[in-house]
Structure formats: structure tokens, C-alpha cells
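Q: Have a look at this prediction, sequence included:
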Amino acid sequence: MTAQLIDGNALSKTLRADVAVRAAALTARGHQPGLAVVLVGDNPASEVYVRNKVKACHDNGLHSVMDRFPATLAEHELLAHIAKLNADPAIHGILVQLPLPAHIDSHKVIEAIAPEKDVDGFHVANAGALMTGKPLFRPCTPYGVMKMFEAHGIGLQGANAVVIGRSNIVGKPMALLLLEAGATVTICHSKTRDIGHHTRAADVIVAATGRRNILTADMVKPGATVIDVGMNRNEEGKLCGDVDFAGVREVAGYITPVPGGVGPMTITMLLVNTIEAAERAAQA
Ligand code: GUN
């Protein structure tokens with residue numbers, strides 16, 4: 001059996017068309033949605049991500065500003081800049097690209113973002129609300145993965161779901177969203193003794209570790225859904241995920257490719273979150 005591909009580009013296209021309609025409607029009422037993307041330092045991967053986010057805004061009728069600072073920026077200067085963005089009525093979403101240089105406390109920076117502009121969903125208020133009730137924003141990558149399940153009619157109620165990775169950006173919020181959807185959720189990570197023991201019982205596997213080949217065909221139950229959040233490079237410098245795609249696609253029922261899977265969905269859900277922020281601000 002060869003798995004059916006879950007095409008993140010195609011699904012993004014549909015969802016972004018809706019974003020563009022909502023952005024145009026807000027703009028017509030004098031409330032063009034605005035996103036501020038803040039990049040500190042010159043991490044090449046971050047530069048690519050940030051450029052793609054800003055381009056996606058422009059392509060879909062959102063206003064966006066990219067604020068670039070050198071790696072030597074002092075923490076208090078970054079906090080002062082965030083305070084300015086918090087007070088700017090043209091900005092509805094603020095995204096500080098992570099990782100930040102080591103001398104800056106990213107926790108402090110995230111907590112400085114107004115929760116109603118925290119389109120990443122990383123602020124403690126939104127992370128806490130994700131755990132206990134309705135968050136203002138769901139973190140973009142796991143939110144995008146949930147849209148992929150929905151679009152393909154992949155049932156989660158009562159499903160065994162395994163998340164590999166426990167980051168604040170993907171692993172932990174992914175597990176909470178799956179739990180909210182009625183799955184029985186296991187979180188595996190670098191200290192897990194036998195990841196395959198858990199994944200072989202899983203109907204749904206989400207790999208988000210940043211390590212190539214963390215999931216191989218022998219670790220997957222036939223017909224399972226495999227979502228690859230990884231973004232790595234192989235020996236030839238080619239983009240690849242955390243999953244051994246060639247092997248796993250012969251066993252899984254559904255699989256996401258890298259590139260063209262989760263990546264575009266992350267950006268799409270950032271646009272959706274920014275639109276929602278702008279719609280809430282326009283109603284206020
Ligand atoms: N770095 C890697 N992924 C993300 C993300 O989703 N948001 C931010 N702000 N930084 C990231």
C-alpha cells in the first residue's frame with residue numbers, strides 16, 4: 001500500500017483564498033489586518049521563514065512590516081520595540097521569530113507581547129487557555145496539522161495519537177489539540193526508551209523533533225496517518241523531514257511530504273490568526 005499524500009500547498013491555497021476575502025472585507029471597512037514580524041540576528045533559516053511569512057501577507061492583502069535588528073540588540077531595546085507594536089493600532093499580530101540570540105530571554109520577550117496580538121499563541125495566557133479552555137490563538141503549526149486531519153476526514157475521536165517531540169512551539173500544543181479532539185495521546189521525546197513501541201500502536205503519528213529518520217517504516221502500523229513537522233537537510237543539502245519518507249509511505253495510509261506538507265500550513269494559520277485578531281479589534 002502506498003500512502004495518500006496530504007498536500008499542504010493545495011490545502012493552503014484553499015484556506016488562503018478565504019483569508020484574502022476576509023482581509024479585503026476588513027480593508028474595505030478601514031481595518032486592514034497588519035502583522036509585524038520581528039527578526040533579531042542573521043540565522044539563515046529564520047531569514048527564509050520570515051521572508052516567506054511577509055510575502056504570504058502581501059500576497060493575500062494583509063499589511064506587514066518586517067523589523068530587523070542586529071544580533072547585538074539589547075533585551076531592553078527589543079522589549080521597548082514590542083511595547084511600541086502593542087500600542088500600534090495598525091498592527092494586529094506580532095511575531096518574534098525564534099530562536100533569539102542567547103543573551104535575550106525569549107520567555108520574557110514572549111510575555112511582553114499583548115496576548116490579543118500573540119498570533120503565535122506562545123504567551124502564557126494563550127498557552128494556559130489552550131490547556132483549560134478557548135485560547136485566543138492556537139499555535140500555527142499544530143493548528144495547521146489539525147486542519148490537515150479535518151480536510152482529509154481523518155477521525156481523531158478515540159484514536160491513538162503519538163506526538164514525537166515536546167517543544168512549546170509544536171509538541172506540547174499538538175498534544176493538547178489532539179486531546180481536545182478526543183484522541184488518546186502519548187508524547188515521546190529524546191528520553192523515551194523505545195519510541196517504536198508507542199508508534200506501532202498509533203493511528204496518528206506527528207513527528208516534530210528536528211532529527212532525520214526518527215520514524216522509519218518498521219515503527220508504523222499499516223494504514224496509520226503520519227505527519228512530518230521536521231525541516232532538516234540531508235547529506236546532499238536537500239530539504240527533508242523527520243520521517244524516512246520513502247520507507248514510511250509504503251506502510252502509512254496518509255503522509256505529509258517535506259517540503260510541501262506542514263510548512264505552508266504554518267504560514268497559512270499565521271494569516272488566519274492575524275485575520276482573527278484584526279476582526280476582533282474591528283469589533284471592539
Ligand atoms: N521558529 C520556528 N517556528 C516558529 C514559529 O512558529 N514562530 C516563531 N515565532 N518562531 C519560530
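A: Looks like it arrived, so ask away.
Q: Around the ligand, pick out the residues from the chain.
A: Taking CB under 6 Å from any ligand atom as the criterion, the neighbours of the ligand within the chain are 95, 96, 97, 98, 120, 140, 141, 169, 266. For the C-beta atoms, the positions are set from N, CA and C on the backbone; glycine is no exception.
Q: which residues touch the first one?
A: So the one you mean is residue 95. Residues counted as contacts of residue 95 (CB atoms under 8 Å, 6 or more residues apart in numbering) are 35, 36, 37, 38, 53, 119, 120, 270.
Q: Between all of those, which two are separated the most?
A: By the measure CB to CB, these have their two most distant members at 38 and 270, which lie 13.5 Å apart.
Q: quick one: the helices in the chain?
A: All helices of the chain, identified by DSSP state H, fall at 8-28, 44-59, 75-87, 106-112, 124-132, 140-151, 171-180, 195-199, 245-248, 262-283.
Q: and the fifth one, what other elements does it pack with?
A: Packed against helix 124-132, as judged by 3 or more CB pairs under 8 Å, 6 or more residues apart in numbering; DSSP states H and E, are the following elements: helix 171-180.
Q: Report the rounded mean pLDDT for the helix it packs on.
A: Confidence over helix 171-180, taken as the mean pLDDT, stands at 98.
Q: Remind me what it packs against, helices and strands.
A: Packing partners of helix 171-180 (3+ CB pairs under 8 Å, 6+ apart): helix 124-132, helix 140-151, strand 160-164, strand 184-188, strand 204-207.
Q: would you turn these into a markdown table with mean neighbour count and mean pLDDT?
A: Formatted as a markdown table, the entries for the helices and strands packed on helix 171-180 read as follows, by neighbours: other CB atoms under 10 Å; pLDDT from 0 to 100:
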| stretch | mean neighbour count | mean pLDDT |
| --- | --- | --- |
| helix 124-132 | 16 | 97 |
| helix 140-151 | 22 | 98 |
| strand 160-164 | 26 | 99 |
| strand 184-188 | 20 | 98 |
| strand 204-207 | 28 | 99 |
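Q: Select, out of the ones you listed, the one closest to residue 20.
A: With respect to residue 20, and counting by CB to CB, the nearest of those is helix 140-151 at 16.6 Å.
Q: angle of the closest one against helix 262-283?
A: Following axes from the mean of the first three to the mean of the last three CA atoms, to 10 degrees, one obtains 100 degrees for the angle between helix 140-151 and helix 262-283.
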